[in-house]
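Colleague: Sequence first, predicted model second:
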Amino acid sequence: MYAQNPSQIDVLTTKDGLLFRDVSDIVQDKKGLLWISTTQGLNRYDGHNFKAYTNDIQNPFYIEANGIRWNMLYDIPNNSVWFSANNKLFQLKVSTDSIISYNEKHNLNDRVLEIYKAPDQSIWVVTDDYWLVNKETSKLYLKKFENGTFNTITSVNRYKQNFNNLTFDSNGFLWWSTTSSSNKYSLKGELIERHIFDTYDWNGDFIHYVPQFFDSNHRHYYFPPSRGGIDIYNAKDKTSEIIFDTGNIIRRAIEDKDGNIWFAGDNTLYHMDRDRNFNDYSDLLKSKLDYSKINNLFIDKNNLLWVATDNGLFKIKTHKQLFSNLFKSKNEGWGNSMRGIFEDAEGRIFSLCESKHQLWYKTKTGKIDSLPLKTKFGKPVSLMYDASFIVTDNSKTKAYAIGNGICEIDLKTGITTIQDQFTINNNIHGPNALLLLKDERLLFGFTMEYLTVFDPKTQESQPVFNNLSEGENIRSLWFFEESRDDNCVWIGTEDRGILKVNLKGNILTSYNAKTLPSLGNYSILCIEEDNDKSLWVGTYGGGLKHIAPDGKTVTTYTKANGLPDNNVVGILLENDNKLWISTYNGLSFFDKKTKEFQNFYTEDGLSHNEFNYSSFFKDSQGIYYFGGMNGINVFNPKTLQESVRPPDIQFLEISGYNSNTKQNYTNDYAQKDLKEFTASPYDQYFEISWTMPSYFQNKKNTYSTKLEGFEDRWFYQGNTASIRYNKLPAGDYVLKVKGTDSRGNEAASPLSIPITVQQVFYKKWWFIALVMLAIIGIVYSIFRYRVQQVLAMERLRTKISSDLHDDVGSLLSGLAMQTELMEINASEADKFKLQKIADISRNAISQMRDLVWSIDSRRETVEDLIERMRELAEELLLPKDISFYIDSSNIKNPTKKLPAQTKQHIFLIYKEAITNILRHSDATNVIVTITNDSNGCQFVIKDNGSKKESYKSTGLGLSNMVMRAEKIKGSLQFQKEDGFGVHLKLPFQM
């Protein structure tokens, strides 16, 4: 009976974080979160963490009163939890954590005893005025919440006790049981029926209080306290029937989604199925947790029964056990370890109990017995661990096992014949692989050298391989699987992977850690060849491997993919699309199309979570057998009920730390809809939490996450229901979370949370644009200022040059003319002096003209420079009968403007060169060449003279020419052969 399976019961206590041990009630909100009331406050439970509401003023989740001793309810339309504490009524708005306290303003000036919710979602309370009026006239009041206040519907005399039980039948009528009677009312408070279901003495007073319950089929149950047990009242013929006779008094009942009813007394719990079969859970509960009183019952959305007690909570699976157990010992944990399962001709199921060294069987009628093994001389035969594999011939009248050789067992008599000539072929310390081939020959052998084919009919045997070298003699052959290819087998080894062997002695294919594709360095525990000739491989520690039919791809499935454990000991096919897989920690169903695992454990009816190597079998009726550390688990996959999808994953909260405010923050989104989470650029980290409200064995719930926009694959998070991101780069992301429950059932749809991480302000486009605009503004202002300065300078230069030309030039010209006039009438002695003055005046005029030209902004182009050079040459060279030629044909841009300093230095270098030619050369011709090239400009002044005198003058001189060239970043060279030449190299083109 599944009621006796302790794995179907889980507990939740203060050790897990529960606020207080004495639990009064449990309700569940629309998000699937649980609200647990205790005598010291209220808890919200998400499967991982508890949120506590207490009357501690330091608690941010403060409630006025925390002594919750009665039941509570969840108000769906208003998304709120109603509870009664210290005889006062409160409503907690779960989305805002705000509390409404109800008092005389709401027509609640008396004590609130209990609160109820009708099928139409209306709120009802029962109150009494025992402490407000004369005790003899005190009453119990039934009130309904309407338009923000509680209206009295009806009342009854309280007497000495405030016992009351309120319930609603499926027709919408209200049944109220008090000390005086059990009454049926309309929702308007009209008394329809009055019943006395029981009468008993309570401390000297005879009272008629009886708890009642209505199921979904409108059956009326009541629980008479005078004798205990459960009765059903038939309203048609007004009769009662006892359906469960026990001395224990029943206090409450609840119906699960499968139509089963659970009845609880003070410390007892009973289960009744639809056929009225009862199972007593009381002793089972007490074996899991000490308690003295059951306070309430609750069924959650996953059909999980919660039992509230004065020492914590029980969680009980209400689904029927999915598996039956064969050869299981009464002791929990390791018991009867089973291997080598097979079926005989009579339909008996045999298996070797290795812990007892006996061959057990179960008949079709259910009889369980053992088959004593003996030789034909009556000597007992014991099969040890080396006989892990047991096979039958085609007639199923004989079985073969590895013992001290090959054992042939007559399944009717148990007479065993031992072929001891094969002792050397097998490992006496086990295990030894054994396979019955299609032609009824046996394949066995612990190494390649001893791999042997034996025909039991002809007694002929032959080795598969001959003359193997030491390197070719692979040891520890652990598993054989006959291939769909004729005369071929697959061999699984301890450390050399998988071999495909032709029984003529050829190794056709191998897969191991060094091959491509790689199988990894794992021991092979089982092999199953699929209909498409692909291989399913169970490994020791490496999970489940799938080798594609072409042998080019190996796919690995591990715990991260939903497999319950990475040690796979058994594989059986179920049609083309399904696999059953036994492991060291549970049994798994694998859908090859969806790639999903559904896992089963002891709470589903398995005798033990650890399964054995060489212990799986499918019989002639399609029944599956998987043996483990305590018996064999039996099931028909066609009738096995698959679990429904677990509930959707629920978003809980986001917490983090902001370096700008230097504060931690926590945002609760358990009851709020989040369209998008926006993280500050100063968030050093933020952590996102979620839950999947599947509460049975919820520590086995697992999750995987993927942050789209940052990650390109799913990451397995195990049981951790949160993820933390540190300094996530600015951008838009979507966090997706998918989860599986303890069985491996995946939630219908993943949780999706849009996340935006803001950019720091100085990296935002508008800030960068403002900075660029500011820079452009500053540059423009500087440029404009410089332009204004240049224009002002040009205007100044123009004014100075004009003033010098007009004023000083006129004065000097006048001086020269006056000197010449005076020279006419002067004496011979004065004529030389006056002539000297005239020459100085004209030279000053010439120097002034050069200065005026150099600073005149109206004469700043290359063309102006060349024109001035030509004027100077005409002025100085032609009077001396020296011809000249200026070649400027290579100039690309004659209108190019030259800086005043550059123009002045070039011209003065030119003028000094011409002056030197006049003073120190006997030249008759001068050539000036201006040539542009890729490196700049070549400025060459060359004469044809032969006279070379050192120039020693107080004028500019050659050193000044070099200095001027350096100031304009040029270089100057002098040529004194074949005439005098000046080579000026400029770093720019003209």
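Modeller: It's in. Bear in mind the structure is a predicted one, so any value in this text is a computation, not a measurement. Numbering: from 1, shown residues only.
Colleague: all strands of the stretch 801-950 of the chain, in order?
Modeller: 883-887, 925-933, 936-943 (DSSP state E, counting those that start in this stretch).
Colleague: Show me the shaky parts of the stretch 101-250 of the chain.
Modeller: Of all residues in the stretch 101-250 of the chain, none has pLDDT under 70.
Colleague: let's go with 80 and repeat that
Modeller: The model of the stretch 101-250 of the chain has pLDDT under 80 over residues 135, 159-161.
Colleague: hey, what's residue 656 bridged with?
Modeller: Assessed by DSSP bridges, residue 656 has beta-bridge partners residue 665, residue 686.
Colleague: Give me the neighbour count for it.
Modeller: 20 (other Cβ atoms under 10 Å). (Each C-beta comes from the backbone N, C-alpha and C, glycine too.)
Colleague: Now do it, the pLDDT please.
Modeller: If you check residue 656, the pLDDT there is 94.
Colleague: one step back: what's the closest of the strands of the stretch 801-950 of the chain to residue 44?
Modeller: strand 936-943 (82.9 Å; Cβ to Cβ).
Colleague: so what secondary structure elements neighbour that closest one?
Modeller: If you count contacts as 3 or more Cβ pairs under 8 Å, 6 or more residues apart in numbering; DSSP states H and E, strand 936-943 packs onto helix 900-920, strand 925-933, strand 981-986.
Colleague: Those: which one's closest to residue 155?
Modeller: The nearest among those, by Cβ to Cβ, is helix 900-920 at 113.2 Å.
Colleague: model confidence over that closest one, on average?
Modeller: Here the average pLDDT along helix 900-920 is 85.
Colleague: so it versus strand 925-933, what angle?
Modeller: Going by axes from the mean of the first three to the mean of the last three Cα atoms, to 10 degrees, helix 900-920 is angled at 150 degrees with respect to strand 925-933.
Colleague: and helix 900-920 with strand 981-986, angle?
Modeller: 170 degrees.
Colleague: Now for residue 362: which residues touch it?
Modeller: 326-327, 348-349, 368 (Cβ atoms under 8 Å, 6 or more residues apart in numbering).
Colleague: How about the contacts made by residue 607?
Modeller: 323, 325, 328, 335, 628, 630-633.
Colleague: Please apply the same query to residue 884.
Modeller: Contacts of residue 884 (Cβ under 8 Å, 6+ apart): 873, 877-878, 925-928.
Colleague: Narrow those to just the buried residues.
Modeller: 873, 877, 926-928 (16 or more other Cβ atoms under 10 Å).
Colleague: Could I get the residues you listed in TSV, plus columns for distance to residue 920 and pLDDT?
Modeller: Below are the buried ones among the contacts of residue 884 laid out as TSV (distance: Cβ to Cβ, whole Å; pLDDT from 0 to 100):
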residue	distance to residue 920	pLDDT
873	17	87
877	14	87
926	13	92
927	18	93
928	18	92
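Colleague: For residue 667, state which of those is nearest.
Modeller: The nearest member of these to residue 667, counting by Cβ to Cβ, is residue 928 at 83.9 Å.
Colleague: any idea how far residue 403 is from that closest one?
Modeller: Counting by Cβ to Cβ, to the nearest Å, the gap from residue 928 to residue 403 is 120 Å.
Colleague: Residue 556 now?
Modeller: From residue 556 to residue 403 the distance is 37 Å (Cβ to Cβ).
Colleague: closest one to residue 743 among the helices and strands packed on strand 936-943?
Modeller: strand 925-933 (85.7 Å).
Colleague: Tell me what angle that closest one forms with strand 883-887.
Modeller: Going by the same axes, to 10 degrees, strand 925-933 makes 10 degrees with strand 883-887.
Colleague: Show me which of the buried ones among the contacts of residue 884 is closest to residue 562.
Modeller: Using Cβ to Cβ, the buried ones among the contacts of residue 884 come closest to residue 562 at residue 928, 92.7 Å.
Colleague: quick one, what contacts that closest one?
Modeller: 869, 873, 884-887, 910, 940-942.
Colleague: Kindly recompute the last result at 10 Å.
Modeller: Residue 928 makes contacts with 866, 869-870, 873, 884-888, 910, 913-914, 939-942, 982, as judged by Cβ atoms under 10 Å, 6 or more residues apart in numbering.
Colleague: Enumerate every residue touching the residue nearest the centre of the chain.
Modeller: Nearest residue to the geometric centre of the chain (Cα atoms, centre = their mean): residue 705, 1.7 Å. By Cβ under 10 Å, 6+ apart, residue 705 lies in contact with 688, 690, 711, 714-717, 720, 722-723, 735-739, 750-751.
Colleague: Pull out the buried members of the residues you listed.
Modeller: Buried members of the contacts of residue 705, counted by 16+ other Cβ under 10 Å: 688, 690, 714, 717, 722-723, 735-739, 750-751.
Colleague: For the biggest helix by length in the chain, the averaged confidence score.
Modeller: Counting residues, the longest helix found in the chain (DSSP state H) is helix 765-803. Per-residue pLDDT values over helix 765-803 give a mean of 81.
Colleague: got it, and stretch 40-58?
Modeller: 94.
Colleague: so how far does it reach from one end to the other?
Modeller: End-to-end distance of stretch 40-58: 15 Å, with Cα to Cα, to the nearest Å as the criterion.
Colleague: how about a markdown table for the strands of the stretch 801-950 of the chain, with distance to residue 671 added?
Modeller: Output for the strands of the stretch 801-950 of the chain, formatted as a markdown table (distance: least, Cβ to Cβ, whole Å):
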| stretch | distance to residue 671 |
| --- | --- |
| strand 883-887 | 93 |
| strand 925-933 | 81 |
| strand 936-943 | 78 |
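Colleague: quick one, which of the ones you listed is nearest to residue 647?
Modeller: The nearest among those, by Cβ to Cβ, is strand 936-943 at 81.6 Å.
Colleague: Give the partner strands of the closest one in its sheet and their orientations.
Modeller: strand 925-933 (antiparallel), strand 981-986 (antiparallel).
Colleague: Restricting to C-alpha, output stretch 165-185 in CSV.
Modeller: Provided in CSV are the C-alpha atoms of stretch 165-185 (Å, rounded to 0.1, in the frame of the first residue of the first chain):
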residue,chain,number,x,y,z
ASN,A,165,-17.6,24.7,12.7
LEU,A,166,-18.6,26.5,9.6
THR,A,167,-18.7,24.8,6.1
PHE,A,168,-20.5,25.2,2.8
ASP,A,169,-22.0,22.5,0.7
SER,A,170,-21.8,22.2,-3.1
ASN,A,171,-25.4,23.7,-3.4
GLY,A,172,-24.3,26.9,-1.7
PHE,A,173,-25.9,26.4,1.7
LEU,A,174,-24.1,27.1,4.9
TRP,A,175,-23.8,24.6,7.7
TRP,A,176,-22.9,25.9,11.1
SER,A,177,-22.2,23.5,14.0
THR,A,178,-22.2,24.9,17.5
THR,A,179,-22.6,23.5,21.0
SER,A,180,-26.4,23.5,20.6
SER,A,181,-26.8,21.9,17.2
SER,A,182,-25.8,21.7,13.5
ASN,A,183,-27.9,24.1,11.5
LYS,A,184,-28.3,24.6,7.8
TYR,A,185,-28.8,28.2,6.6
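Colleague: and it, which residues are buried?
Modeller: The neighbour-count check on stretch 165-185 (16+ other Cβ under 10 Å) flags 165-169, 173-185 as buried.
Colleague: re the thing from before, between residue 556 and residue 403, which one's more packed in?
Modeller: residue 403 (24 against 18).
Colleague: didn't that one look like it was pressed against residue 388?
Modeller: No - using Cβ atoms under 10 Å, residue 403 is not in contact with residue 388; the gap is 11.4 Å.
Colleague: Quickly list what's touching both of those two.
Modeller: residue 432.
Colleague: Excluding sequence neighbours, find me the nearest residue to residue 464.
Modeller: residue 451 (4.3 Å; Cβ to Cβ, 6 or more residues apart in numbering).
Colleague: Relative to residue 614, how far out is the one you found?
Modeller: 18 Å.
Colleague: Could you do residue 519 as well?
Modeller: 21 Å.
Colleague: just to revisit the earlier point, export the helices and strands packed on strand 936-943 to CSV and append columns for distance to residue 586.
Modeller: Below are these laid out as CSV (distance: least, Cβ to Cβ, whole Å):
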stretch, distance to residue 586
helix 900-920, 91
strand 925-933, 87
strand 981-986, 89
